[in-house]
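>>> After the sequence you'll find the predicted model.
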Amino acid sequence: MKKIYLIRPKCHSERSEESLVSSQRPFVARDATQGDNPKRLDESKANYLTVIIVIAALVLAACGSASTPTAIPTISLDNTGSSSNNQSSDVNSVSASAVVVPLNEARLSFASIGRVTAVDVKVGDKVTAGQTLVQLDTSIPEAKVREAEANLLAAQVQVKYLKRLGTDEVHLETAEADVARAQAMLDSANATLSTQSTLTAPFDGTIVSVDISPAETVVPGRVVIVLGDLSSYQLETTDLSEREVTKIKVGQPATIFIEALGSEVTGKIVEVSLTSSTLGGDVVYAVTLEFDDQPEGLLWGMSADVNIQTEE
């Protein structure tokens with residue numbers, strides 16, 4: 001006899017309860033007699049095993065890379081080495097960098113404020129000692145001179161007047177002191193007019209720089225003219241350290257390489273500076289050298305390398 005089964009669709013609440021119960025039910029492996037396909041189960045186990053192997057391999061690789069030591073750069077501090085410049089030396093010599101400078105140079109400025117009326121030179125001009133280079137407006141200094149002259153004249157008249165009156169010595173001495181004071185003021189005004197209103201060349205040389213124009217106003221200390229004696233050149237070191245300057249003496253010979261000319265010449269020490277300066281935190285001293293035979297083509301500011309023989 002055939003059995004007929006009636007299937008009643010489940011409502012939403014029943015399905016939810018059944019899902020909840022089934023989710024809480026422990027997993028039980030079913031064998032082939034319960035209707036599962038053995039081939040499908042084997043494939044599922046193989047997939048799970050493959051995933052586990054891959055994860056394990058990734059973990060081992062990460063651990064291996066993390067355990068690899070990383071090289072850390074180190075810095076060696078050597079206080080006995082040379083300074084940051086290119087200076088080098090051995091037992092019998094000292095090497096340093098140098099620059100070509102003129103035998104004499106001057107950076108000229110005014111001592112007082114004023115308006116420029118004339119600039120009588122230009123770059124490249126050759127001048128002689130005492131020649132006028134720049135002039136300022138003299139209207140104010142001239143007015144001060146006239147004022148000082150009037151004050152002096154008034155003081156002198158006062159003395160003459162007191163003498164005619166027969167004034168006592170005390171008042172007469174006071175009036176004469178006023179005359180002396182007025183004369184000093186006149187001398188000062190004349191000196192200001194002659195020295196502070198005109199810029200003159202202190203020696204024979206060549207104008208290297210002009211930094212002023214007519215109608216400009218100058219202030220005290222501003223360099224307006226650079227003058228140099230370009231008839232002869234010498235060398236001045238720029239990085240000779242305090243550790244090496246103690247080996248240097250006037251008269252020591254030196255080998256000089258002029259980079260711009262590509263030539264090597266000889267010279268000797270003529271001066272060692274008594275004061276120091278700083279270069280990159282190092283204490284350095286300037287040493288002056290003269291050429292035994294000055295090469296052609298030298299220009300102010302060219303660089304050179306010098307090697308000073310310090311052997312006794």
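Everything's here; your move.
>>> Please, which helix or strand holds the closest residue in space to residue 178 that isn't next to it in sequence?
Using CB to CB, 6 or more residues apart in numbering and skipping the chain neighbours, the partner closest in space to residue 178 is residue 155 (4.4 Å). Placement of C-beta: from N, CA and C, glycine included. Secondary structure from DSSP states H and E places residue 155 in helix 139-165.
>>> Tell me the buried residues in that helix?
Neighbour counts over helix 139-165 (16 or more other CB atoms under 10 Å) mark 140, 141, 144, 145, 148, 151, 152, 155, 156, 158, 159, 162 as buried.
>>> Could you do stretch 261-279 as well?
Neighbour-count burial for stretch 261-279 [16+ other CB under 10 Å]: 265, 267, 269, 272.
>>> for stretch 201-215, same thing?
So stretch 201-215, judged by 16+ other CB under 10 Å, has buried residues 201, 205, 206, 207, 208, 210, 212.
>>> do the same with stretch 121-133
By neighbour count on 16+ other CB under 10 Å, the buried set for stretch 121-133 is 121, 127, 133.
>>> now, among those residues, which is nearest to residue 110?
Proximity of the buried residues of stretch 121-133 to residue 110 (CB to CB) peaks at residue 133, which lies at 10.8 Å.
>>> Report the separation between that closest one and residue 116.
11 Å (CB to CB, to the nearest Å).
>>> got any ranges where the stretch 51-200 of the chain has weak pLDDT?
The stretch 51-200 of the chain contains residues with pLDDT under 70 at 59-90.
>>> cutoff 80 now
Residue ranges of the stretch 51-200 of the chain with pLDDT under 80: 51-52, 54-91, 195.
>>> What ranges does it have for its helices?
139-165, 169-195 (DSSP state H, counting those that start in this stretch).
>>> Tabulate these (a markdown table), appending distance to residue 240.
Output for the helices of the stretch 51-200 of the chain, formatted as a markdown table (distance: least, CB to CB, whole Å):
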| stretch | distance to residue 240 |
| --- | --- |
| helix 139-165 | 46 |
| helix 169-195 | 38 |
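>>> Tell me which of those sits nearest to residue 98.
helix 169-195 (36.5 Å).
>>> by contact count, what packs against that closest one?
helix 139-165 (3 or more CB pairs under 8 Å, 6 or more residues apart in numbering; DSSP states H and E).
>>> Does the residue nearest to residue 178 touch residue 184 like I think?
No - counting by CB atoms under 8 Å, residue 155 does not reach residue 184; the two are 11.1 Å apart.
>>> Strands of this protein, residue ranges please.
93-109, 114-119, 126-127, 132-136, 198-200, 205-210, 217-218, 223-237, 240-241, 253-258, 263-279, 282-291, 303-309 (DSSP state E).
>>> Most tightly packed of those strands?
Most buried of the strands of the chain by mean neighbour count (mean count of other CB atoms under 10 Å) is strand 240-241; its value is a mean of 24.
>>> ok so, going back, make JSON lines out of the buried residues of stretch 201-215 and add pLDDT.
Putting the buried residues of stretch 201-215 into JSON lines (pLDDT from 0 to 100) gives the following:
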{"residue": "201", "pLDDT": "94"}
{"residue": "205", "pLDDT": "94"}
{"residue": "206", "pLDDT": "95"}
{"residue": "207", "pLDDT": "95"}
{"residue": "208", "pLDDT": "94"}
{"residue": "210", "pLDDT": "95"}
{"residue": "212", "pLDDT": "92"}
